[in-house]
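J.: Just a sequence and a predicted model for now, questions to come.
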Amino acid sequence: MTSIPRYHHSLKRNIVGLATVLCFANPFAAAATSSSALASIDYRYFVAGGTCAAISHGVTTPIDVVKTRMQSDPGKYKSLIPATATIIREEGAHALVKGLGPTLVGYGIEGALKFGVYEVTKPLVVAGFAALSAKLKLKTGAAGALPFLLASIAAGAVASLILVPMESTRIRMVTDPSFENLGLLSGLAQLVKEAGLIQTLTVGIGAMMAKQVPYTFGKQVSFDVVAKFLYDFLNSQPSLADAISKVVQPKWTVSVIAAMIASVMACLLSQPGDVILTETYKGADEKGVKSKPQSSEVPKSRGLAEVSAAIYGRHSSEGLIQGLSGFYTGIYARLVHVGMIITSQLIIYDLVKQLLGLPATGSH
């Protein structure tokens with residue numbers, strides 16, 4: 001096993017503590033699970049996750065700009081292609097790469113932590129549930145997908161803490177003219193000047209988790225499950241696997257198919273949270289009209305419930321379905337955006353993992 005860098009020592013202590021809690025029913029099982037958890041910490045997951053996230057989110061920044069505009073001003077930007085044409089006509093093609101700096105930095109760090117924490121936590125939680133099931137004399141696999149869900153929640157929560165200031169800066173750069181000529185550091189400094197350091201680091205954490213937790217679950221758990229299913233299927237059909245191998249590497253086939261399915265799942269599950277996130281950060285008044293705060297005025301922070309009520313209330317007079325449809329504004333643009341991000345991201349992730357000596361997802 002590759003040696004563990006010194007900066008992972010604090011993470012190791014936290015994981016050992018969590019393992020002990022999960023296996024409280026049996027101290028011997030806790031000790032065994034802790035040892036297994038320590039062995040599972042590998043910096044290569046963090047490197048692969050950061051690399052794939054920065055690349056995939058960076059190259060799809062123009063689509064993200066259009067999607068964000070559609071969510072923040074649906075009256076003006078009605079659909080993907082016309083919205084893109086409007087932005088280029090009014091602001092120039094360079095407007096499509098606004099927020100690129102926060103995207104690369106924020107999602108690079110986020111991807112490293114999200115993939116790394118998920119991969120480290122997953123075997124820990126699985127082992128914890130196995131020990132607990134043995135103690136309670138439950139059948140093997142009784143927990144189902146619950147361990148994967150808990151691992152994805154942990155990874156999504158960690159990612160949310162990192163992304164809050166970065167995503168707040170990116171959305172303001174895309175939707176607020178006063179942030180138009182600001183970069184990552186100057187944009188963050190402006191947010192701190194307007195709202196203070198604590199609010200800049202924590203505002204919208206509920207909205208961020210409403211997006212990141214289902215997004216992480218839909219992306220990484222479905223990728224795991226689908227890839228494992230496809231490898232099992234190919235192993236049971238050697239003639240089909242041989243036929244595929246004559247055209248393309250089976251690992252590539254599995255990665256692409258699993259990634260495409262994961263992209264749809266992640267998009268559908270996290271779309272309401274994405275709309276809530278944009279509404280939280282765009283700086284709107286109660287009617288949804290963007291307003292610029294005065295220099296002496298601290299922007300009002302709206303909570304998750306208040307933002308959700310505002311989104312639902314825009315069309316609630318037309319019926320329940322129309323009210324709920326507000327949470328799926330920009331869904332087609334996001335299907336394209338998230339589809340490109342996740343498909344490329346998970347393929348790059350698997351490629352980098354294998355280059356670093358780790359097995360492909362689902363193959364072990």
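T.: Thanks, I have it.
J.: Show the residue spans covered by the strands in the stretch 201-350 of the chain.
T.: Taking DSSP state E, counting those that start in this stretch, the stretch 201-350 of the chain contains no strands at all.
J.: quick one: low-confidence ranges for it?
T.: Along the stretch 201-350 of the chain, segments meeting pLDDT under 70 span 281-302.
J.: so where do the helices sit in it?
T.: All helices of the stretch 201-350 of the chain, identified by DSSP state H, counting those that start in this stretch, fall at 205-216, 222-236, 238-245, 250-281, 304-313, 320-325, 331-355.
J.: Select, out of those, the one closest to residue 111.
T.: Proximity to residue 111, assessed across those by C-beta to C-beta, is greatest for helix 331-355 (7.6 Å). From N, CA and C alone the C-beta is placed, and that goes for glycine too.
J.: out of the helices of the stretch 201-350 of the chain, deepest packed?
T.: Most buried of those, by mean neighbour count (mean count of other C-beta atoms under 10 Å): helix 205-216, with a mean of 24.
J.: returning to what we had before: and the helices of the stretch 201-350 of the chain: which comes nearest residue 177?
T.: Closest approach to residue 177 among the helices of the stretch 201-350 of the chain (C-beta to C-beta): helix 250-281, 15.1 Å.
J.: What is that closest one packed up against?
T.: helix 61-72, helix 146-175, helix 205-216, helix 222-236, helix 238-245, helix 304-313, helix 331-355 (3 or more C-beta pairs under 8 Å, 6 or more residues apart in numbering; DSSP states H and E).
J.: mind listing what residue 102 touches?
T.: Counting by C-beta atoms under 8 Å, 6 or more residues apart in numbering, residue 102 makes contact with 166, 167, 169, 170, 173, 184, 187.
J.: With respect to residue 88, which of the residues you listed is nearest?
T.: Distance ranking of the contacts of residue 102 against residue 88, using C-beta to C-beta, places residue 173 first at 17.2 Å.
J.: Point out where the stretch 51-200 of the chain drops to low pLDDT.
T.: In the stretch 51-200 of the chain, residues with pLDDT under 70: 140-144.
J.: Let me have the helices and strands packed on helix 250-281 in TSV, extended by distance to residue 364.
T.: As requested, the helices and strands packed on helix 250-281 are arranged in TSV below (distance: least, C-beta to C-beta, whole Å):
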stretch	distance to residue 364
helix 61-72	34
helix 146-175	16
helix 205-216	21
helix 222-236	9
helix 238-245	16
helix 304-313	39
helix 331-355	11
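J.: And the ones you listed: which comes nearest residue 319?
T.: With C-beta to C-beta, the closest approach to residue 319 among the helices and strands packed on helix 250-281 belongs to helix 304-313: 11.4 Å.
J.: For stretch 346-354, give me every contacting residue.
T.: Stretch 346-354 is contacted by residues 44-45, 47-49, 51-52, 55-56, 115, 219, 223, 251-252, 255-256, 258-259, 262, 359-361 when judged by C-beta under 8 Å, 6+ apart.
J.: Kindly apply the preceding question to stretch 317-326 instead.
T.: Contact partners of stretch 317-326, identified using C-beta under 8 Å, 6+ apart, comprise 275, 311, 312, 313, 314, 315, 316.
J.: re the thing from before, in JSON lines, list the helices of the stretch 201-350 of the chain along with distance to residue 73.
T.: Compiled in JSON lines, the helices of the stretch 201-350 of the chain are given as follows (distance: least, C-beta to C-beta, whole Å):
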{"stretch": "helix 205-216", "distance to residue 73": "18"}
{"stretch": "helix 222-236", "distance to residue 73": "32"}
{"stretch": "helix 238-245", "distance to residue 73": "46"}
{"stretch": "helix 250-281", "distance to residue 73": "10"}
{"stretch": "helix 304-313", "distance to residue 73": "14"}
{"stretch": "helix 320-325", "distance to residue 73": "17"}
{"stretch": "helix 331-355", "distance to residue 73": "13"}
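J.: Now do the contacts for residue 192.
T.: Going by C-beta under 8 Å, 6+ apart, residue 192 touches residue 200.
J.: Please, which helix or strand holds it?
T.: In the assignment (DSSP states H and E), residue 192 maps to helix 184-195.
J.: Please tell me how far the closest residue to residue 345 other than its chain neighbours sits from residue 241.
T.: Excluding its sequence neighbours, the residue lying closest to residue 345 (C-beta to C-beta, 6 or more residues apart in numbering) is residue 56, at 3.7 Å. Residue 56 sits 28 Å away from residue 241, going by C-beta to C-beta, to the nearest Å.
J.: before we move on, what about residue 358?
T.: For residue 358, the distance to residue 241 equals 22 Å [C-beta to C-beta].
J.: same question, residue 90
T.: For residue 90, the distance to residue 241 (C-beta to C-beta) stands at 53 Å.
J.: Same check on residue 213?
T.: In this view, residue 213 and residue 241 are 36 Å apart by C-beta to C-beta.
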